[in-house]
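Student: Sequence and predicted structure, then a few things I'm wondering about:
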Amino acid sequence: MFFIPGELIAVLTFPGIIVHEAAHMFFCRIGRVGVLDVCFFRVGNPAGYVIHEEIKNFNLAFFVAVGPLIVNSLLCVFICFPAFLPVRVFDLPDIPSYIMLWLGVSIGMHAFPSIQDGLILRQEAAKAIKRFNPLAIISYPLVLLIILANVLSVIWFDALYGIAIGILLPELIFSKM
(Lines give C-alpha, C1' and ligand atoms only; values in the text may rest on other atoms or scores of the structure.)
Protein backbone atom coordinates (compact mmCIF):
# COMPACT_ATOMS: atom_id res chain seq x y z
CA MET A 1 0.00 0.00 0.00
CA PHE A 2 1.26 3.47 -0.72
CA PHE A 3 0.61 6.78 0.99
CA ILE A 4 -0.95 9.75 -0.77
CA PRO A 5 -1.43 12.92 1.29
CA GLY A 6 -5.04 13.69 2.18
CA GLU A 7 -4.76 17.16 0.68
CA LEU A 8 -3.89 15.68 -2.72
CA ILE A 9 -6.83 13.28 -2.54
CA ALA A 10 -9.08 16.18 -1.56
CA VAL A 11 -7.92 18.25 -4.55
CA LEU A 12 -8.40 15.32 -6.95
CA THR A 13 -11.87 14.53 -5.60
CA PHE A 14 -13.07 18.03 -4.70
CA PRO A 15 -16.55 17.59 -6.27
CA GLY A 16 -17.29 14.88 -3.70
CA ILE A 17 -16.35 17.16 -0.82
CA ILE A 18 -18.52 19.97 -2.17
CA VAL A 19 -21.51 17.66 -2.60
CA HIS A 20 -20.89 16.13 0.86
CA GLU A 21 -21.08 19.53 2.56
CA ALA A 22 -23.99 20.63 0.35
CA ALA A 23 -25.89 17.51 1.47
CA HIS A 24 -25.42 18.41 5.14
CA MET A 25 -26.55 21.95 4.37
CA PHE A 26 -29.51 20.74 2.26
CA PHE A 27 -30.94 18.75 5.16
CA CYS A 28 -30.31 21.68 7.52
CA ARG A 29 -32.31 23.92 5.19
CA ILE A 30 -35.12 21.39 4.83
CA GLY A 31 -35.35 21.13 8.61
CA ARG A 32 -35.05 24.89 9.11
CA VAL A 33 -31.84 24.45 11.09
CA GLY A 34 -29.75 27.60 11.03
CA VAL A 35 -26.38 27.23 9.31
CA LEU A 36 -23.80 29.29 11.17
CA ASP A 37 -20.81 28.69 8.89
CA VAL A 38 -20.03 26.63 5.84
CA CYS A 39 -16.92 25.80 3.85
CA PHE A 40 -17.58 23.72 0.77
CA PHE A 41 -13.91 23.09 -0.02
CA ARG A 42 -10.47 24.06 1.15
CA VAL A 43 -7.04 22.49 1.12
CA GLY A 44 -6.64 21.53 4.75
CA ASN A 45 -8.19 19.45 7.45
CA PRO A 46 -11.13 19.31 7.35
CA ALA A 47 -11.52 19.82 3.64
CA GLY A 48 -15.03 21.16 4.20
CA TYR A 49 -17.53 21.65 6.98
CA VAL A 50 -20.99 22.85 7.94
CA ILE A 51 -21.55 24.34 11.38
CA HIS A 52 -25.21 24.51 12.33
CA GLU A 53 -27.45 25.22 15.26
CA GLU A 54 -28.15 22.48 17.77
CA ILE A 55 -30.81 20.10 16.51
CA LYS A 56 -33.42 19.07 19.07
CA ASN A 57 -35.30 16.56 16.91
CA PHE A 58 -33.52 13.19 16.50
CA ASN A 59 -35.09 12.37 13.14
CA LEU A 60 -33.83 15.65 11.71
CA ALA A 61 -30.41 15.19 13.33
CA PHE A 62 -30.26 11.75 11.73
CA PHE A 63 -30.88 13.11 8.24
CA VAL A 64 -28.48 16.03 8.65
CA ALA A 65 -25.77 13.58 9.77
CA VAL A 66 -26.35 10.91 7.10
CA GLY A 67 -27.38 13.31 4.34
CA PRO A 68 -24.10 12.86 2.46
CA LEU A 69 -24.48 9.07 2.50
CA ILE A 70 -27.86 9.44 0.84
CA VAL A 71 -27.13 12.31 -1.56
CA ASN A 72 -23.56 11.39 -2.57
CA SER A 73 -24.47 7.74 -3.11
CA LEU A 74 -27.47 8.58 -5.29
CA LEU A 75 -25.55 11.17 -7.31
CA CYS A 76 -22.69 8.73 -7.83
CA VAL A 77 -25.07 6.15 -9.26
CA PHE A 78 -27.02 8.67 -11.38
CA ILE A 79 -23.84 10.19 -12.85
CA CYS A 80 -21.95 6.94 -13.43
CA PHE A 81 -24.74 4.86 -14.97
CA PRO A 82 -25.12 6.96 -18.16
CA ALA A 83 -21.34 7.31 -18.45
CA PHE A 84 -20.88 3.58 -18.05
CA LEU A 85 -23.02 2.70 -21.07
CA PRO A 86 -20.81 4.08 -23.86
CA VAL A 87 -17.58 2.95 -22.20
CA ARG A 88 -18.41 -0.64 -21.20
CA VAL A 89 -21.62 -1.68 -22.92
CA PHE A 90 -21.05 -0.16 -26.37
CA ASP A 91 -17.23 -0.10 -26.22
CA LEU A 92 -17.19 3.56 -27.26
CA PRO A 93 -14.80 5.18 -24.81
CA ASP A 94 -14.91 8.94 -24.95
CA ILE A 95 -13.51 11.73 -22.79
CA PRO A 96 -16.88 13.05 -21.52
CA SER A 97 -17.80 9.56 -20.25
CA TYR A 98 -14.50 9.23 -18.41
CA ILE A 99 -14.96 12.69 -16.90
CA MET A 100 -18.45 11.70 -15.73
CA LEU A 101 -17.07 8.46 -14.24
CA TRP A 102 -14.39 10.44 -12.36
CA LEU A 103 -17.04 12.90 -11.18
CA GLY A 104 -19.41 10.16 -10.04
CA VAL A 105 -16.75 8.11 -8.25
CA SER A 106 -15.26 11.20 -6.58
CA ILE A 107 -18.73 12.09 -5.30
CA GLY A 108 -19.37 8.52 -4.18
CA MET A 109 -16.11 8.21 -2.30
CA HIS A 110 -17.09 11.15 -0.08
CA ALA A 111 -20.48 9.66 0.82
CA PHE A 112 -19.66 8.57 4.35
CA PRO A 113 -20.22 11.10 7.12
CA SER A 114 -17.22 11.91 9.31
CA ILE A 115 -16.42 10.06 12.51
CA GLN A 116 -17.53 13.21 14.34
CA ASP A 117 -20.93 13.02 12.61
CA GLY A 118 -21.17 9.35 13.55
CA LEU A 119 -20.30 9.97 17.20
CA ILE A 120 -22.79 12.84 17.48
CA LEU A 121 -25.44 10.65 15.87
CA ARG A 122 -24.69 7.86 18.36
CA GLN A 123 -24.94 10.30 21.27
CA GLU A 124 -28.27 11.68 20.01
CA ALA A 125 -29.56 8.17 19.31
CA ALA A 126 -28.85 7.16 22.91
CA LYS A 127 -31.09 10.01 24.09
CA ALA A 128 -33.80 9.26 21.51
CA ILE A 129 -33.91 5.55 22.40
CA LYS A 130 -35.08 6.56 25.88
CA ARG A 131 -38.06 8.20 24.13
CA PHE A 132 -38.62 4.95 22.17
CA ASN A 133 -37.73 6.45 18.79
CA PRO A 134 -37.54 3.52 16.32
CA LEU A 135 -35.18 5.41 13.97
CA ALA A 136 -32.75 5.78 16.86
CA ILE A 137 -32.73 2.04 17.40
CA ILE A 138 -32.03 1.19 13.78
CA SER A 139 -29.43 3.97 13.51
CA TYR A 140 -26.92 2.12 15.68
CA PRO A 141 -25.71 -0.25 12.93
CA LEU A 142 -25.38 2.76 10.62
CA VAL A 143 -23.27 4.57 13.22
CA LEU A 144 -20.97 1.55 13.37
CA LEU A 145 -20.74 1.52 9.58
CA ILE A 146 -19.88 5.25 9.53
CA ILE A 147 -17.12 4.80 12.08
CA LEU A 148 -15.80 1.65 10.38
CA ALA A 149 -15.81 3.34 6.95
CA ASN A 150 -13.78 6.25 8.33
CA VAL A 151 -11.27 3.95 10.01
CA LEU A 152 -10.94 1.85 6.84
CA SER A 153 -10.43 4.94 4.67
CA VAL A 154 -6.69 4.50 5.34
CA ILE A 155 -6.90 1.41 3.15
CA TRP A 156 -9.02 3.18 0.52
CA PHE A 157 -12.44 1.91 1.67
CA ASP A 158 -14.03 5.21 0.68
CA ALA A 159 -12.59 4.96 -2.84
CA LEU A 160 -13.66 1.31 -3.07
CA TYR A 161 -17.18 2.31 -2.08
CA GLY A 162 -17.31 4.96 -4.83
CA ILE A 163 -15.99 2.47 -7.38
CA ALA A 164 -18.37 -0.23 -6.16
CA ILE A 165 -21.56 1.81 -6.54
CA GLY A 166 -20.40 3.86 -9.53
CA ILE A 167 -18.69 1.24 -11.66
CA LEU A 168 -19.13 -2.28 -10.27
CA LEU A 169 -22.88 -1.91 -9.72
CA PRO A 170 -23.58 -0.95 -13.36
CA GLU A 171 -21.13 -3.66 -14.46
CA LEU A 172 -23.11 -6.21 -12.46
CA ILE A 173 -26.47 -4.98 -13.76
CA PHE A 174 -25.45 -4.74 -17.41
CA SER A 175 -23.59 -8.07 -17.37
CA LYS A 176 -26.93 -9.75 -16.52
CA MET A 177 -28.61 -8.28 -19.61
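Tutor: Received it, and whenever you're ready, just let me know what you need.
Student: Can you pull the phi/psi pair for Val38?
Tutor: phi -140, psi 140 (degrees, to the nearest 10).
Student: From what I see, it and Val50 are in contact.
Tutor: Yes - counting by CB atoms under 8 Å, Val38 touches Val50, with 5.0 Å between them. Bear in mind the C-beta positions are built from the backbone N, C-alpha and C, glycine included.
Student: For those two, indicate the residue with more neighbours.
Tutor: Neighbours per residue (other CB atoms under 10 Å) separate Val38 from Val50, with Val50 holding more: 24 against 15.
Student: Secondary structure element holding that one?
Tutor: Per DSSP states H and E: Val50 is located in strand 49-52.
Student: tell me the contacts of the closest residue to Phe78 other than its chain neighbours?
Tutor: Excluding the flanking residues, the one nearest Phe78 by CB to CB, 6 or more residues apart in numbering is Gly104, at 7.9 Å. Gly104 makes contacts with 75-80, 83, 162, 166, as judged by CB atoms under 8 Å, 6 or more residues apart in numbering.
Student: let's see it at 10 Å
Tutor: Listed by CB atoms under 10 Å, 6 or more residues apart in numbering, the contact partners of Gly104 are 15-16, 72, 75-84, 162-163, 165-167, 170.
Student: Next: Pro96.
Tutor: For Pro96, the contacting residues are 83, 86, by CB under 10 Å, 6+ apart.
Student: on that earlier part again, looking at the residue nearest to Phe78 now. What's its pLDDT?
Tutor: On the pLDDT scale, Gly104 is placed at 98.
Student: Can you name the residues in contact with the lowest-mean-pLDDT helix or strand in the chain?
Tutor: The weakest-scoring helix or strand in the chain, judged by mean pLDDT, DSSP states H and E, is helix 169-175 (a mean of 88). Helix 169-175 is contacted from outside by 76-77, 80-85, 87-89, 101, 104, 108, 163-164, using CB under 10 Å, 6+ apart.
Student: try 6 Å this time
Tutor: Identification of contacts with helix 169-175 by CB atoms under 6 Å, 6 or more residues apart in numbering yields 81, 84, 89.
Student: what's the answer for stretch 132-148, then?
Tutor: Residues from elsewhere that reach stretch 132-148 (CB under 6 Å, 6+ apart): 58-59, 62, 112-113, 115, 118, 121-122, 125, 128-129.
Student: Let's see that with 10 Å instead.
Tutor: Contacts of stretch 132-148 (CB under 10 Å, 6+ apart): 57-59, 61-63, 65-66, 69, 112-130, 157.
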